[in-house]
Every structure is written in structure tokens, then in C-alpha cells.
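# show me the folded form of this:
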Amino acid sequence: MCFSDSLPCGDRPICDFRQECLNIKEKGVIPIMKRFLAVLVAMVMMLAMTAPALAEVKVGVAMPTQSLQRWNQDGAYMKEKLEAAGYEVVLTYSDNDVSRQVADIENMLTADCAVLVIASIDGGSLGTVLATAKEMGVPVIAYDRLIVDTDAVDYYATFDNYQVGVIQGSFIEEKLGLKDGAGPFNFEIVAGSPDDTNAFYFYNGAMDLLKPYIESGQLVVPSGQIDLDVVGTLAWSSATAQERFDNIIAANYAQGEKLDAVLCSNDSTAFGVITALINAGYSEDQWPVITGQDCDMPNMQYIVSGKQSMSVFKDTRTLAEKVVGMVDALKKGAEPEINDTTTYDNNVKVVPSFLCTPVFGSADNYVELLIDSGYYIEENGEFKTP
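Model (predicted):
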């Protein structure tokens, strides 16, 4: 009973609570609140149904190895971007062991991964396991290394790998003044891994520019090692590159012959070459032009100090974003964005591709390219990831 019931009838005010109820009835608020609550309940139910569904979508990401800095960064960026988009990620590194990568992919299929993103160790070794993926309706995106000899690869996300070689070859051409007829110069080649299809694009991009200078005599290769099957470096190993270059120095430059330039396809091979030169006692005034690729942290220190002349920056953040876009499109039943339908023939099909743009990097622009962009932090002359 309201306390006002005890007052004389003429003096009795209407109870605040009763009055509020009357106001609500008069204004029609109760129906409005009912409709609002109904909409709110429906929204909560929709979120409850859709959030688990998205979380259940698994993406398998198979990286080749953790022995090279770039693959650690690729894997980390890929996982970060996919998880931010709401996917569950199964990330593996296969230690450059083909059979282990095959097993990793088999496990991803067993774990119901809906899409596979694969940076292959050997591009021609995955035909059987990818045939299984195709039978299961699981699309495959080749990541920065083309998968060959199978129709079970749907898309390819990479950089313009031929252009990487062009950037390297053009740098040597300019630094030595080859266009102006300068020479002869002593020149050596340290290329990539023969089981990586990218190695052919890097090599061809550079050598299509430089071979005419070899033929004209402006570039001389004292070791005689020119063809890719001879100058390749298995697994992109720094140790293998160093061992081979130790032998080149001993056989061809031990009597003080000048070495003018070394075409190194990436930073890990350049690291091996630089180690060989240091061990051989090369001084600053003897130092050759040396190319690279990936802007790895140890090599950036060599670039700043002048031991490596340049590198080609391939921003793995950009590549990861493009792959996430491909995955999103595939899950929506749409066509992923591609910008190349002619270049990458895997011996069975031309694989639709998206090519990101590689960028020249040197001591002159590394701050803007790598530090200001947040790719690295530079502290006391050392490079670190953020």
C-alpha cells in the first residue's frame, strides 16, 4: 500500500509510482520497450550464431623453415592478419624437410582446414597431398613460391620475382658503368635454391640484363660458373654459399686479382659471400659490389656499414594482407583479386596470381623504407622487429 493512503482523502497525492505507470500507459512506452527488447534479443541471437561459425573456419599455413628470418616474419604476419580477420590458424614450419611438409599438410586436412596457404620447400613435391585437398574441396593458395606439376593449386600470391632480378641486375649495370662501355670487370654469380621456382625468375631477371655484357667481354666470370644449375645454392644456405665462394676466391682471386661485383640472389647467399670475403682478408678498397634481397636484419647492418651494396625489399605485411583478402573471397564464394593471368605456368596450368611490387633498398633510403614504416626498429646500430 502507498504511504499516501494513510492521508485524508482530499489531501492524498497520487503515488509517484502509480503516476509513472499512468504516464507510461498514456504515452505508449510499454509497446515501444517491448519492440526494442525483441530487436535486442534477435541481435544477440544472431551474434551468438555467427561468431562461433567464423571462429570455426580454420586456415592452414605451411611455411618451409624457421632458419631464414623472412619465413619467421611471413608466418607471424600471416597468423596475425588471419586471426585479426576472425580465422583460426594452423601454422607449421617444416625445417626444409619435404616429407615433413607433406605430413604437416595432411594434418591440416585432417584438422578440417578450409583453405591451405603453402610456401613450398620443393614446388614439385606436393602433387599427391594436394590432389587429396582438391578431392576434399579445399582451395590452395601458393605463397611466394609457385607449386608446380599439379592442377590442385588455385591461386598464387607473390612478388614480381622477375622484377627482383631486374632491380639487382640494373644496379650492377649502373654501378659499373656498363651502359657507358666500361670494363672489363670480374664478376661472379651466387643464385638461389634450384628447388625453388623463384630462383629461376630472380636469375633470369638479372641475367637477361647482364648476359649481353658477358658476351661482349665487359663482364668476365673467372670461375667460369654462369649457368643456374652450377651457381645455385641449395636451400638458400649461407653456409653453402660461403663454402662455394671460399673455393672461388682460392681458385681465382688468390693472387690479388680484383673482384668487382657479385650477383647474390638474396640476403642469405650474400651473407655467405660477405663472410668468405672477410675471412679472405678483403679490405674496404678491395670490396666488390654485392646485391641481395629481403632486407634481413644482419644484412641491413652490412648495408649500413658498406659491405653489402643493396637489397630488394619485399614487404611481407603487404603480401599477408593480400592473402587474407584471397581467403575472405574464397569463403564468400567470390573470385580473389588477381593481377596476372599469364606469367606463372606450373607445367599443368597458368596459375592466377597477385604480384606485389618489390622495392630497391640501400643505405640511402632504408630509414624511410624500413624504420619509418615500422618494419624494423634501429637501436645502437642494430635492427630489431617491433
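# can you map out the helices along the stretch 101-250 of the chain?
All helices of the stretch 101-250 of the chain, identified by DSSP state H, counting those that start in this stretch, fall at 127-135, 161-176, 197-216, 228-231, 238-252.
# same for the shortest one, what does it pack against?
This means helix 228-231. Counting contacts by 3 or more C-beta pairs under 8 Å, 6 or more residues apart in numbering; DSSP states H and E, helix 228-231 packs against helix 197-216. Every residue, glycine included, has its C-beta placed from N, CA and C.
# any regions of the chain where pLDDT drops low?
1-56 (pLDDT under 70).
# tell me the centre residue of it?
Centre of the chain computed as the mean C-alpha position; nearest residue by C-alpha atoms, centre = their mean is residue 316, 3.7 Å away.
# isn't that one up against residue 79?
No: taking C-beta atoms under 8 Å as the definition, residue 316 is not a contact partner of residue 79, at 11.8 Å.
# rewinding a little: can you list phi and psi of the residue nearest to the centre of the chain for me?
phi -70, psi -20 (degrees, to the nearest 10).
# count the neighbours of residue 382 for me.
12 (other C-beta atoms under 10 Å).
# ditto for residue 297
17.
# which residues are in contact with it?
69, 376, 382, 383, 384, 385 (C-beta atoms under 8 Å, 6 or more residues apart in numbering).
# repeat that for residue 59.
Residues counted as contacts of residue 59 (C-beta under 8 Å, 6+ apart) are 82, 87, 88, 89, 90, 113, 114, 115, 116, 117, 327.
# in a strand, it, correct?
Yes: counting by DSSP: H, G, I helix; E, B strand; the rest coil, residue 59 is found in a strand.
# any idea how far residue 351 is from it?
As judged by C-beta to C-beta, to the nearest Å, residue 59 and residue 351 stand 19 Å apart.
# for the stretch 51-200 of the chain, what spans make up the strands?
Shown for the stretch 51-200 of the chain, the strands assigned by DSSP state E, counting those that start in this stretch span residues 58-63, 88-93, 113-118, 140-143, 155-159, 185-190.
# for residue 254, which of these is the nearest?
Proximity to residue 254 (C-beta to C-beta) singles out strand 185-190 among these, at 13.2 Å.
# for that closest one, which strands pair with it and how are they oriented?
If you go by DSSP bridges, strand 185-190 pairs up with strand 219-220 (parallel), strand 261-264 (parallel).
# hmm, who's touching it?
Against strand 185-190 from outside (C-beta under 8 Å, 6+ apart): 172, 176, 178, 207, 210, 214, 218-223, 225-226, 231, 233, 241, 244-245, 248, 253, 257-265, 269-270, 272-273.
# grab the nearest non-local neighbour of residue 119.
Once flanking residues are discounted, residue 119 sits nearest to residue 143: 4.3 Å by C-beta to C-beta, 6 or more residues apart in numbering.
# next one: the residue nearest to the centre of the chain from residue 173, what distance?
As judged by C-beta to C-beta, residue 316 and residue 173 stand 28 Å apart.
# sorry, back to before: just put the contacts of residue 297 in a markdown table and tack on distance to residue 312 and secondary structure.
A markdown table is the format used below for the contacts of residue 297 (distance: C-beta to C-beta, whole Å; DSSP: H, G, I helix; E, B strand; the rest coil):
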| residue | distance to residue 312 | secondary structure |
| --- | --- | --- |
| 69 | 15 | helix |
| 376 | 16 | coil |
| 382 | 22 | strand |
| 383 | 16 | strand |
| 384 | 21 | strand |
| 385 | 19 | coil |
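# and the furthest pair within these?
Checking the contacts of residue 297 with C-beta to C-beta, the most distant pair is 69 and 382, at 13.6 Å.
# just the buried residues of the contacts of strand 185-190.
Taking 16 or more other C-beta atoms under 10 Å as the criterion, what is buried in these is 172, 176, 178, 207, 210, 218-219, 223, 226, 231, 233, 241, 244-245, 248, 253, 259-265, 269-270, 272-273.
# picking up where we left off before, residue 290: which of the strands of the stretch 51-200 of the chain is closest?
Of all the strands of the stretch 51-200 of the chain, strand 185-190 sits nearest to residue 290, with 9.3 Å by C-beta to C-beta.
# residue 301: how many residues sit nearby?
Neighbour tally, residue 301, other C-beta under 10 Å: 15.
# who touches it in this structure?
So residue 301 contacts 381, 382, 383 (C-beta under 8 Å, 6+ apart).
# which non-adjacent residue is nearest residue 106?
In space, and not counting its chain neighbours, residue 106 is closest to residue 129: 5.8 Å by C-beta to C-beta, 6+ apart.
# correct me, but residue 267 touches residue 292?
Yes: assessed by C-beta under 8 Å, residue 267 is found in contact with residue 292 at 4.3 Å.
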